[in-house]
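J.: Mind looking at a prediction? Sequence and model below.
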Amino acid sequence: MNPFELLKNAQAIKEQMARMQDILPAIRATGNAGAGMVTITLNGKFTVVDIAIEEAAAEDLETLQLLIQSAFNDASAKLQQKLQDEGLKAVSMMGQS
């Protein structure tokens, strides 16, 4: 392979990574548990941006802890899928340049 092509591809990857860093805060995924009793929203940097807890869920601390954990894990899995989809989209766009 031509070394100049490798440099061109490396630069394109670097630019795409910089763009992804810019949009990560705008990507959102929401997970829930307990039929929606606990809802957690994460941004693309895996920072919690919103939590909603129904009052009934707060009555039992152990259950609430499990619901929070489950909601976070659900949001995390959804976010990972979104980020993977965005990454694959970015790679396919680089192939078109």
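T.: Looks like it came in fine.

J.: Can you mark which positions in stretch 54-73 are buried?
T.: 57, 63, 64, 67, 68, 70, 71, 72 (16 or more other C-beta atoms under 10 Å). In this view, the C-beta of every residue, glycine as well, is placed from N, C-alpha and C.

J.: For residue 10, see how far away the last one is.
T.: Yep, that's residue 72 we're talking about. Using C-beta to C-beta, to the nearest Å, we find residue 72 at a distance of 36 Å from residue 10.

J.: next one: the fourth one
T.: As for residue 67, its distance to residue 10 is 45 Å (criterion: C-beta to C-beta).

J.: same question, residue 26
T.: Shown here: residue 26 relative to residue 10, a distance of 26 Å by C-beta to C-beta.

J.: ditto for residue 31
T.: Residue 31 is 36 Å from residue 10, by C-beta to C-beta.

J.: Between the two, point out the one with more neighbours.
T.: residue 31 (19 against 10; other C-beta atoms under 10 Å).

J.: what sits against the closest residue to residue 27 other than its chain neighbours?
T.: Of all residues not flanking residue 27 in the chain, residue 44 sits nearest, at 3.4 Å (C-beta to C-beta, 6 or more residues apart in numbering). Contacts for residue 44 were tallied using C-beta atoms under 8 Å, 6 or more residues apart in numbering; they are 23, 24, 25, 26, 27, 28, 79, 82, 83.
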